[in-house]
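Enquirer: starting from these lines, generate the structure:
(one chain, ligands or ions: 1)
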Amino acid sequence: MNHLAIRKGNVAVVTGAAAGIGFAIAQRLAKEGMDVVLFDLDAKALQSASEMITADFPDVKALALLGDVTSEHDLHSLYEKSCEFGKVSLLINNAATIKGAGPWDAPSKWRALMDVNFWSVLTLQRLFVETMFFQDGHAAIVNLGSKEGITTRTGNAAYSVSKAAIRVLTEQLAHELREKVGDRVTAHLLIPGYTYTPMNFPNAAPGSEKPSAPWTADQVADRLIEDLARGQFYIFCEDNETPWELDQRRMQWAADDLIFKRPALSRWHKDYADGFASYVADVSSGNAE
Ligand SMILES: NC(=O)c1ccc[n+]([C@@H]2O[C@H](COP(=O)([O-])OP(=O)(O)OC[C@H]3O[C@@H](n4cnc5c(N)ncnc54)[C@H](O)[C@@H]3O)[C@@H](O)[C@H]2O)c1
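Expert: All right, here's what the predicted structure looks like:
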């Protein structure tokens, strides 16, 4: 049985729904009989996403809304139009950017990323959660995290910070909801692994063959539905080069940095390279990145 928020005829709102994981989730929810609100700033991709869903699932209503998650006006309009469209029982905060910044880059670069990856999520969950409290029935909010917000790999500090913030925000949301309404309104953190989407493959021609390492966005969407049904908060996805056991070791190593007072991010420290490699050797498929 599905999570009770996934109900035929109810509405799911998905940001960044025109491509990648957001589109796959919107399609999957339409397959479950939910009406879907697709929100994105890419007009062409949005139109074709909406047309595909309407063609594949003629019994389902799809509302395509063009907008930018960094605009308060667009987010309020998304909220109002979604509530007019039907009973919103699922919010998927999916839109994000990897256009990031390093630790001492200009604050303007940081703000631009945090506006997309953090503030929009906070704004939308604030708008929808009240509605979810006061309407009948179950509801859920899913925020998109990343392993980069847990083991915080190097190279894009702003992205890692944003995803770490989303993790903590969603944990706090889940706790507060549990205290207030039990399991009637729940929050979940979806943590994709390496996934074949425009974010990772911006120049891939439509229909081009997927490399072997990443999962498809459809696999991520399937995992979301399965783990929501199990009532899981952390909805973890492996990928074809990173089994769950390797993710577990990486998370344990990161936590052990604090416990054993090792240098920050010791996984990427040259003096710890051998130690880390031997720590994951028996579960690694050869990629200990
Ligand atoms: N792809 C991965 O390997 C991966 C891994 C971990 C986490 N994630 C997370 O999963 C989510 C989806 O990632 P994806 O790979 O499908 O991304 P993507 O870049 O392929 O697609 C994102 C969609 O969001 C839209 N979007 C971007 N900025 C927007 C804005 N300001 N307003 C409205 N729409 C906007 C884009 O137009 C696009 O349609 C993100 O939160 C990402 O951080 C992805």
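Enquirer: got a list of what the closest residue in space to D59 that isn't next to it in sequence touches?
Expert: In this structure, D59 finds its nearest non-sequential neighbour in G33, 7.1 Å apart by Cβ to Cβ, 6 or more residues apart in numbering. C-betas here are computed from N, CA, C, even on glycine. Taking Cβ atoms under 8 Å, 6 or more residues apart in numbering, we find G33 in contact with R7, K8, G9, D59, V60.
Enquirer: what helix or strand is G33 located in?
Expert: Using DSSP states H and E, G33 maps to neither a helix nor a strand.
Enquirer: from L122, how far off is it?
Expert: Going from G33 to L122 by Cβ to Cβ, to the nearest Å gives 30 Å.
Enquirer: give me the pLDDT for G286.
Expert: Reading off the confidence values, G286 has pLDDT 48.
Enquirer: tell me which element V36 falls in.
Expert: Per DSSP H and E, V36 falls inside strand 35-40.
Enquirer: centre of the chain versus the helix or strand that contains L124, how much separation?
Expert: According to DSSP H and E, L124 maps onto helix 120-134. Distance of helix 120-134 from its chain centroid, counting by Cα atoms, centre = their mean, to the nearest Å, is 16 Å.
Enquirer: the next helix or strand after that helix: partners in the sheet, and parallel or antiparallel?
Expert: Later in the chain than helix 120-134, the nearest helix or strand by DSSP H and E is strand 139-144. Strands that pair with strand 139-144, judged by DSSP bridges, come out as strand 88-93 (parallel), strand 185-191 (parallel).
Enquirer: output the last one as PDB, restricted to C-alpha atoms.
Expert: Read it as strand 185-191. Taking Å, rounded to 0.1, in the frame of the first residue of the first chain, the C-alpha atoms of strand 185-191 are listed here in PDB:
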ATOM      1  CA  VAL A 185       1.500  15.000   7.900                       C
ATOM      2  CA  THR A 186       5.000  13.700   7.400                       C
ATOM      3  CA  ALA A 187       8.300  14.900   6.100                       C
ATOM      4  CA  HIS A 188      11.000  13.000   4.200                       C
ATOM      5  CA  LEU A 189      14.400  13.500   2.800                       C
ATOM      6  CA  LEU A 190      15.100  12.000  -0.600                       C
ATOM      7  CA  ILE A 191      18.800  11.400  -1.200                       C
END
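Enquirer: if we go by neighbour counts, what in it is buried?
Expert: V185, T186, A187, H188, L189, L190, I191 (16 or more other Cβ atoms under 10 Å).
Enquirer: make TSV from those residues and add distance to the ligand and pLDDT to it.
Expert: Formatted as TSV, the buried residues of strand 185-191 follow (distance: Cβ to the nearest ligand atom, whole Å; pLDDT from 0 to 100):
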residue	distance to the ligand	pLDDT
V185	21	98
T186	19	98
A187	15	98
H188	13	98
L189	11	99
L190	7	98
I191	7	98
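Enquirer: output the set of residues of the protein in proximity to the ligand.
Expert: Applying Cβ under 6 Å from any ligand atom, we find that the chain lies next to the ligand at 15-16, 18-22, 40-42, 45, 68-70, 94-97, 116, 144, 146, 192, 194-195, 197-200.
Enquirer: give me the buried entries from those residues.
Expert: By neighbour count, with 16+ other Cβ under 10 Å, these hold 15-16, 18-22, 40-41, 45, 69-70, 94-97, 116, 144, 146, 192, 194-195, 197, 199 as buried.
Enquirer: in strands only, show me those.
Expert: For those, the ones inside strands are T15, D40, L144, T195, with DSSP state E as the criterion.
Enquirer: contacts for the one helix or strand S160 maps to?
Expert: For S160, the host element (DSSP H and E) is helix 157-181. Applying Cβ under 8 Å, 6+ apart, the external contacts of helix 157-181 come out as 96, 98, 100-103, 105, 109-110, 113-114, 117-118, 121-122, 125, 129, 133, 141, 143-146, 148-150, 152-153, 185-189, 233.
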